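**Q** model this:
(one chain, ligands or ions: 2)
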Amino acid sequence: MVKICCIGAGYVGGPTMAVIALKCPSVEVAVVDISVPRINAWNSDQLPIYEPGLDDVVKQCRGKNLFFSTDVEKHVREADIVFVSVNTPTKTRGLGAGKAADLTYWESAARMIADVSVSDKIVVEKSTVPVKTAEAIEKILTHNSKGIKFQILSNPEFLAEGTAIEDLFKPDRVLIGGRETTEGFAAVKALKDVYSQWVPEERILTTNLWSAELSKLAANAFLAQRISSVNAMSALCEATGANVSEVSYAVGKDSRIGPKFLNSSVGFGGSCFQKDILNLVYICECNGLPEVAEYWKQVIKINDYQKTRFVNRIVSSMFNTVSNKRIAVLGFAFKKDTGDTRETPAIDVCKGLLGDKARISIYDPQVTEEQIQRDLTMNKFDWDHPLHLQPMSPTTVKQVSVAWDAYAATKDAHGICILTEWDEFKKLDYERIFENMQKPAFVFDGRNVVDAEKLRKIGFIVYSIGKPLDQWLKDMPALA
Ligand SMILES: NC(=O)C1=CN([C@@H]2O[C@H](COP(=O)(O)OP(=O)(O)OC[C@H]3O[C@@H](n4cnc5c(N)ncnc54)[C@H](O)[C@@H]3O)[C@@H](O)[C@H]2O)C=CC1
Ligand SMILES: O=C(O)[C@H]1O[C@H](OP(=O)(O)OP(=O)(O)OC[C@H]2O[C@@H](n3ccc(=O)[nH]c3=O)[C@H](O)[C@@H]2O)[C@H](O)[C@@H](O)[C@@H]1O
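**A** Numbering: from 1, shown residues only. Ligands and ions are numbered 1, 2, ... in the order given. A predicted model of the protein is given here:
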C-alpha cells in the first residue's frame, strides 16, 4: 500500500488529501500539522474550514484510509510520498521584506524530513513557492549523512476556495514538475499514478521543475490581472456612463478572451493573489528585470486603488463624512461560500471607514466576531503564519460590532456596504431594511449583487461598482 503524508492541514492540505483518499482507496493518507486545535477539529464533526462538500468526503474516508495527526515525525518516517503544504507568507522583515516569500516553515519541514527519514522518499511541493525553491530544498534534503535518496517534485495546487472539492474532483489540469533524470521521471510517474485514478491522462501535465513552480505564480498573476483590468475599466465606466457588466460581457464574448473572471468588484482578496504577485515582483527584481516587475506591480496597485476608491465614494456620497454614522457591512469573507478572511477587501474598506470615525456593524454568515476583531487589529501579513504563532491582539475595535443577521446589522444604519457576494444578500427584504434605516438610506454594492433599480424604487440611493451613477452621486464631489 502506498503511504502518503501531507505536512500542513490547512485549506489546501486538508481538502486535497481528503480527495486523494476518497479517489484512491488503496492509498493510505495521513495529514499532519503542528497545530493541535486544527488537527482536533479535523478529527471532529466541526471541521476547521468551511468548504461545500468537504464534510461528506471526510466522513467517507476518515478512519479508513484518511488520518489526521499531530505525530508529524512518525507519519513522515513511514511515508513513500510526502506532500508539503505549509504556509509561505510574505516576509515582513529583512531582505525582501514586503515582497519575498518567507520560507521558514518550508525549510523547517524539509529539515525535519531529512532528520527523521529512514527510507527513500518523494517530496512534493504543494505550497506555492518561488521558482527555484526545489533547488534549495534538494540541498537540505540531500545533505543528510544517511545515504537516503529524495526526489523533489513540484505539484502546485490550483483549487479555489468555495469550490475546492469540485475543483479537485474535476481539475482543469494537474501539473507535475520533476528533474529530467531517470529517477526524476520515475518519481513523476509515481505521483501521476495517484492522480490518474480519477483525472484523465490528458489533464495531467508534466514539465521540468522550474516550469511547474513558475506556472503557479504565473496563473495567479494572470487571474488577478484580469480582475484588475476589469476593475480599472469600472472606474472609467463610472466616469463615462458605460456599464461594466455590459462591457465585461461584450469583451468576454471574444473566444480569445473568454467570459470567466471578469466580474468587477471592490477588489480581489484571498490568501494568495497579492502574496504570489509580490513574490513574482521580487523574483523579477532579483533577476534584473525591473520593467517586468513594474508591470506586475500595477495589478496590486489597481487593486489597492479600487478599495480606496470604494471608501472615497462612500464618504463623498454621505456629505463628505461618515464620522459617527452607522455603516452596515454585509459580508466580510474574501468571497462567498468560505469563512476565510485572509486579505479580504473588507479589512481595508472597514479600516478606511474607521479612519473617518464611522461606527460599523458587520454581518457575515460564516465569519465569527473573534475573527473579525482579530483581522481589524492585526498587522499586514501577520495572518499568514500558523495560528499559534500569530500575535494575539490585546484590544478590540470598539466602533465595530458584529450582528447575527443582515436585518440586525442594518437597523438604524445610514448606509450599507456589500463586500461579499453571498447569495442571501440578493434575497433580503430590502423594504423592511429601508424602513429601519436612517434617511437618506444608501447602498454601496461592491459586488454588484443587488437589483439597483428595484432598490431605487424603494427609496435607496444606490452605488453599484462600475455602473451608471445615481444623480445624487453625480452631484457629489468626485474624490474617487
Ligand atoms: N488557500 C488556497 O486556496 C491555496 C493555497 N495555496 C498555497 O498552499 C500553501 C498552504 O496554504 P493554505 O493551506 O491556505 O495555508 P493554511 O495556513 O491554511 O495551512 C498551512 C498549515 O501548515 C501548518 N504548518 C506550518 N508549518 C508546519 C510545520 N513545520 N509542520 C507541520 N505543519 C506546519 C500550519 O499550522 C497550517 O495549519 C501556501 O503556500 C499557499 O500559497 C495554493 C493553492 C490554493
Ligand atoms: O493559489 C490560490 O490560493 C488560489 O487563488 C485563487 O483562488 P481563491 O483565492 O480561492 O478564489 P478566487 O475565486 O480566485 O477569488 C479570488 C478573489 O478575486 C475576486 N474575484 C474573482 C473573480 C472575479 O471575476 N472578480 C473578483 O473580484 C474574488 O471575489 C476573491 O476576492 C485561484 O482562483 C486559484 O486557482 C488558486 O489556486
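
**Q** quick one: neighbours of T181, just the number.
**A** Applying other C-beta atoms under 10 Å, we find 10 other residues in the vicinity of T181. Yep, even glycine has a C-beta here, placed from its N, CA and C like the rest.

**Q** that one and P468: what is the separation?
**A** 60 Å (C-beta to C-beta, to the nearest Å).

**Q** same check on M112?
**A** From M112 to P468 the distance is 58 Å (C-beta to C-beta).

**Q** can you check K335 too?
**A** For K335, the distance to P468 under the criterion C-beta to C-beta works out to 26 Å.

**Q** ok, the two, which is more surrounded?
**A** Neighbours around K335 and P468, counted as other C-beta under 10 Å, are more numerous at K335. The numbers are 21 against 15.

**Q** G162 is in contact with the more buried one, correct?
**A** Yes. Shown here, K335 and G162 form a contact pair, counting by C-beta atoms under 8 Å, at 5.8 Å.

**Q** W404 against I362, yeah?
**A** No. With contact defined as C-beta under 8 Å, W404 does not reach I362; the gap is 10.9 Å.

**Q** beta partners for the spatially closest residue to Q399 that is not a sequence neighbour?
**A** When the adjacent residues along the chain are set aside, Q399 lies closest to R359, with 4.9 Å between them (C-beta to C-beta, 6 or more residues apart in numbering). Here R359 sits in beta bridges with R326, going by DSSP bridges.

**Q** R359 touches A328, doesn't it?
**A** No. Counting by C-beta under 8 Å, no contact exists between R359 and A328, whose distance comes to 10.0 Å.

**Q** neighbour count winner among these two?
**A** Between R359 and A328, A328 has the larger neighbour count (other C-beta under 10 Å), namely 25 against 19.

**Q** neighbours of V450, how many?
**A** Taking other C-beta under 10 Å as the neighbour definition, V450 ends up with a count of 20.

**Q** same question for D254.
**A** Residue neighbour count, defined by other C-beta under 10 Å, stands at 9 for D254.

**Q** spit out the contact partners of it.
**A** With contact set as C-beta atoms under 8 Å, 6 or more residues apart in numbering, D254 has no partners.

**Q** and it, helix, strand or coil?
**A** Assigned state for D254: coil (three-state reduction, DSSP: H, G, I helix; E, B strand; the rest coil).

**Q** any stretches of this protein with poor pLDDT?
**A** Of all residues in the chain, those with pLDDT under 70 make up the ranges 145, 383, 388-395, 477-480.

**Q** give me the domain ranges for it.
**A** When the chain is parsed with automatic domain parsing, its domains come out as 2-199, 221-475.

**Q** isn't there a helix covering E294?
**A** Yes. The assignment for E294 by three-state DSSP puts it in a helix.

**Q** how about the residues of the stretch 351-480 of the chain by ligand 1?
**A** Counting by C-beta under 6 Å from any ligand atom, the residues of the stretch 351-480 of the chain lying close to ligand 1 are P386.

**Q** next one: the residue of the stretch 351-480 of the chain at minimum distance from ligand 1 relative to P37, how far apart?
**A** Using C-beta to the nearest ligand atom, the closest approach of the stretch 351-480 of the chain to ligand 1 is made by P386 at 3.4 Å. Separation of P386 from P37 (C-beta to C-beta) stands at 11 Å.

**Q** settle it for me: which of those two has more neighbours?
**A** When P386 is set against P37 and neighbours are counted by other C-beta under 10 Å, the residue ahead is P386, at 16 against 11.

**Q** phi first, then psi, for the more buried one.
**A** Per-residue torsions, P386: phi -50, psi 140 (degrees, to the nearest 10).

**Q** cool, and I418?
**A** Torsion angles at I418 (phi, psi; degrees, to the nearest 10) stand at phi -100, psi 120.

**Q** pretty sure it sits against E424.
**A** No. Because the distance of 11.1 Å does not satisfy C-beta under 8 Å, I418 is recorded as not touching E424.

**Q** neighbour count winner among those two?
**A** Neighbours of I418 and E424, each counted by other C-beta under 10 Å, are more numerous for I418; the result is 25 against 14.

**Q** what's across from that one in the sheet?
**A** Legend: beta-bridge partners of I418 under DSSP bridges are L330, D445.

**Q** what is the neighbour count of the residue nearest to T142 when sequence neighbours are not counted?
**A** Nearest non-adjacent residue to T142, counting by C-beta to C-beta, 6+ apart: F150, 6.3 Å away. Applying the criterion other C-beta under 10 Å, we find 21 residues in the vicinity of F150.

**Q** give me the distance between F150 and E183.
**A** From F150 over to E183 (counting by C-beta to C-beta), the distance is 10 Å.

**Q** wait, what's in contact with G269?
**A** Contacts were defined as C-beta under 8 Å, 6+ apart; by that measure G269 touches F334, K335, R342, E343, T344, P345, A346.

**Q** in CSV, list those residues along with distance to ligand 1 and secondary structure.
**A** Shown next, in CSV, are those (distance: C-beta to the nearest ligand atom, whole Å; DSSP: H, G, I helix; E, B strand; the rest coil):
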residue, distance to ligand 1, secondary structure
F334, 10, coil
K335, 10, coil
R342, 8, coil
E343, 11, coil
T344, 13, coil
P345, 16, helix
A346, 17, helix
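
**Q** filter those down to the ones near ligand 2?
**A** Those of the contacts of G269 which are also neighbours of ligand 2 are F334, K335, as judged by C-beta under 6 Å from any ligand atom.

**Q** highest neighbour count among the contacts of G269?
**A** Neighbour counts for those were taken using other C-beta under 10 Å; the highest belongs to A346, which has 30 neighbours.

**Q** what backbone torsions are found at the closest residue to I49 other than its chain neighbours?
**A** Take I49 and drop its neighbours on the chain: the residue closest to it by C-beta to C-beta, 6+ apart is Y11, 5.7 Å away. Backbone torsions of Y11, given as degrees, to the nearest 10, read phi -60, psi -30.

**Q** tally of neighbours for Y11?
**A** By other C-beta under 10 Å, 22 other residues sit near Y11.

**Q** how far away is it from ligand 1?
**A** Distance, Y11 to ligand 1, using C-beta to the nearest ligand atom, to the nearest Å: 4 Å.
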